[in-house]
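In: attaching a predicted model along with its sequence, questions to come.
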Protein chains: 2
Amino acid sequence: MHDSSLGLRERKRAQTAEAIHVSAAELALERGLDATTIDAISDRADVSPRTFFNYFQSKEDAMLGIDESAVAAELDREREHDPDVLVAVFDLIYAVFEASGGNRTRADLKRKVMHEHPQLMTRQMVRVAELDDRLSGIIAGWLVDDARFAEGSDEQRRDAAQIILGVCLATVRGAMKKWASAPRGSNTSAETRKNFDDAVSAFRTVMEKIV
Amino acid sequence: MHDSSLGLRERKRAQTAEAIHVSAAELALERGLDATTIDAISDRADVSPRTFFNYFQSKEDAMLGIDESAVAAELDREREHDPDVLVAVFDLIYAVFEASGGNRTRADLKRKVMHEHPQLMTRQMVRVAELDDRLSGIIAGWLVDDARFAEGSDEQRRDAAQIILGVCLATVRGAMKKWASAPRGSNTSAETRKNFDDAVSAFRTVMEKIV
DNA sequence: ACGCAAAGTTGCAGAGAGTGCAACAATGTT
DNA sequence: AACATTGTTGCACTCTCTGCAACTTTGCGT
């Protein structure tokens, strides 16, 4: 548990981020969202409140362990996509969503916090939604190779991408909300993935009926 | 301009709310969003900062003149709905959206502020989205009379309503965003309505292609 | 190994949002 | 006129968040 490929600085930084994240998450579970202050989190993580803000923008971000740079990296990554646009978009959202979470080893803790405090999930969804332009740009790029959209103008594809992204995000949001109100237990990563897949088919079923 | 059917108290309350709203909106236009403080708004509206919070929850709400009780009234209102679910849902969102805006006589000012500061629009969308449960409840009720959903269980209809509401909100959000980045001028109420209608057809077109 | 540059930490001071409370004022009611 | 209701305000307080400047730690070239 000691990746020497990174300098001491990088390692320390990761450690501190982790400490703050864990402290924030634990406090959220112990005292609730509002009762957890930045001071308390910083105390437990053994950093000054001032340092807290060098790592996270808000206590919510800290509780989720949101890692901006990981998200940016995920967006820049070259990716192949499923031929089915809908599936591809859900995959994309899923990838960003996972990357937003930062450290993979704390998945359990994070799931517990999100389950207990659905507001955090909303927050995370909002963050993903803020990547709007980047994401719909990627999708618009896919549409160029899609027979049904290839003929239109760039702007039409952009608009279409916006709509597609929007509806997919809404669907994911709904699925997440349902998951949050579901009983505890069985919160594996596979479960999360299954939730995404279920969301896709639920969405398709409803759309077939109403369009 | 003096509705005596209401007591002096009610009239004064409305006046104060209006004064705060106008002050907030004007300051937002003059100085920008962040540079406008609650103190400054209160000063201009000739109330104490403490009183400000008796009327609005935040400066954003004040800038938009958001009227909680009007929204609540709109939701409780008995409403007939278009046979086409999609159209009906967009109508519903439109109604809530308009009601959220509060005073109708200030429409111009409000549009200007929203156009200049799209964040406010996002905020208003979020507010509408928070009514999630109420709205999807209404929609689920409609689905009972819909041949394509009549056979399912209540829960299935609730889920479907959630998805439908979600995608419609996303579409509206996209349309609003586009409006915000469009050049100034032609910001009539009719234009707003047209934007909604365009959103519906754009949505339908895209969905027909990808589902 | 030394010393300088870069990056990180921290305390401090301060603005701003938001809340509870209690005194006071205006309005409505009988 | 007396009383209840409702609204306003100042005060004290907590909390989030930022800029700045001093200081410490780490990295790196020589």
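Out: Great, that's in hand.

In: show me which residues of chain A sit near DNA strand D.
Out: Contacts of chain A with DNA strand D, taken as Cβ under 7 Å from any atom of the strand, map to A:7-10, A:12, A:36-39, A:49-50, A:53, A:57-59. Placement of C-beta: from N, CA and C, glycine included.

In: could you flag which of those are buried?
Out: Neighbour counting over the residues of chain A next to DNA strand D (16 or more other Cβ atoms under 10 Å in any protein chain shown) leaves A:T36, A:I38, A:K59 as the buried ones.

In: show me the residues you listed that map onto helices.
Out: Under the assignment DSSP state H, those contribute A:I38, A:K59 to helices.

In: now the longest helix along chain A, how far from the centre of its chain.
Out: Secondary structure assigned by DSSP H gives helix A:154-181 as the longest helix of chain A. Relative to its chain's centre, helix A:154-181 lies at 13 Å (Cα atoms, centre = their mean, to the nearest Å).

In: which parts of chain A belong to which domain?
Out: Using automatic domain parsing, the domain parsing of chain A gives A:8-59, A:68-210.

In: so for the closest residue to DNA strand D within chain A, what pLDDT did the model give?
Out: In chain A, no residue comes nearer to DNA strand D than A:G7, which is 2.8 Å away by Cβ to the nearest atom of the strand. For A:G7, the pLDDT comes out at 75.

In: over to the one 3 residues further on?
Out: In the predicted model, A:E10 carries a pLDDT score of 86.

In: that one: what's it in contact with?
Out: With contact set as Cβ atoms under 8 Å, 6 or more residues apart in numbering or on different chains, A:E10 has no partners.

In: A:K59 is in contact with A:H21, isn't it?
Out: No. A:K59 lies out of contact with A:H21 (Cβ atoms under 8 Å); the separation is 10.7 Å.

In: just to revisit the earlier point, the longest helix of chain A packs against which elements?
Out: helix A:85-100, helix A:107-116, helix A:118-130, helix A:132-144, helix A:189-210, helix B:154-181, helix B:189-210 (3 or more Cβ pairs under 8 Å, 6 or more residues apart in numbering or on different chains; DSSP states H and E).

In: which of those sits most buried?
Out: helix B:154-181 (a mean of 21; mean count of other Cβ atoms under 10 Å in any protein chain shown).

In: so where's chain A uncertain?
Out: Along chain A, the parts satisfying pLDDT under 70 run over A:1-6, A:102-104, A:184-187.

In: show me which of the buried ones among the residues of chain A next to DNA strand D is closest to B:F203.
Out: A:K59 (36.7 Å; Cβ to Cβ).

In: what parts of chain A come near chain B?
Out: For chain A, the contact set with chain B under Cβ under 8 Å from any Cβ of the partner chain comprises A:85-86, A:126, A:148-149, A:159-160, A:162-164, A:166-167, A:169-171, A:173-174, A:177-178, A:202-204, A:206-211.

In: repeat the analysis, applying 7 Å as the threshold.
Out: A:85-86, A:148, A:159-160, A:162-164, A:166-167, A:169-171, A:173-174, A:202-204, A:206-211 (Cβ under 7 Å from any Cβ of the partner chain).

In: dump the residue contacts of the spatially most central residue of chain A.
Out: For chain A, the residue nearest the mean C-alpha position is A:F97 (2.4 Å; Cα atoms, centre = their mean). Contacts for A:F97 were tallied using Cβ atoms under 7 Å, 6 or more residues apart in numbering or on different chains; they are A:V128.

In: let's see it at 10 Å
Out: Each residue near A:F97 by Cβ atoms under 10 Å, 6 or more residues apart in numbering or on different chains is listed here: A:V71, A:E74, A:M121, A:Q124, A:M125, A:R127, A:V128, A:V172, A:M176, A:T192, A:F196.

In: if we ignore the residues flanking it in sequence, what's nearest A:V211?
Out: B:M207 (4.5 Å; Cβ to Cβ, 6 or more residues apart in numbering or on different chains).

In: rewinding a little: what's the spacing between the residue of chain A closest to DNA strand D and A:R13?
Out: According to Cβ to Cβ, to the nearest Å, A:G7 and A:R13 sit 10 Å apart.

In: now swap in A:A199 and tell me
Out: For A:A199, the distance to A:R13 - Cβ to Cβ - is 35 Å.

In: cool, A:A161 as well?
Out: 35 Å.

In: and B:R79, which of the helices and strands packed on helix A:154-181 is closest to it?
Out: So among these, helix B:154-181 is nearest, using Cβ to Cβ, at 15.0 Å.

In: give me the angle between the closest one and helix B:132-144.
Out: 120 degrees (axes from the mean of the first three to the mean of the last three Cα atoms, to 10 degrees).

In: interface residues of chain A facing DNA strand C?
Out: A:R9, A:K12, A:R13, A:T16, A:D46, A:V47, A:S48, A:P49, A:R50, A:T51, A:N54, A:Y55.

In: show me which pair in those is furthest apart.
Out: A:R9 and A:P49 (21.9 Å).

In: leaving out sequence neighbours, find the closest residue to A:S189.
Out: Spatially, and ignoring its direct neighbours in sequence, A:S189 is nearest to A:A107 (6.1 Å; Cβ to Cβ, 6+ apart).

In: burial check on the closest residue in space to A:R123 that isn't next to it in sequence, number of neighbours?
Out: Sequence neighbours aside, A:E60 is the residue nearest to A:R123 in space, at 4.9 Å (criterion: Cβ to Cβ, 6+ apart). By other Cβ atoms under 10 Å in any protein chain shown, 21 other residues sit near A:E60.

In: give the contact list for A:E60.
Out: With Cβ under 10 Å, 6+ apart, A:E60 has these contacts: A:24, A:28, A:33, A:36, A:66, A:117, A:119-120, A:122-124, A:126-127.

In: pick out whichever of those residues sits closest to chain B.
Out: Distances from chain B to the contacts of A:E60, taken as Cβ to the nearest Cβ, are shortest for A:V126 (7.9 Å).
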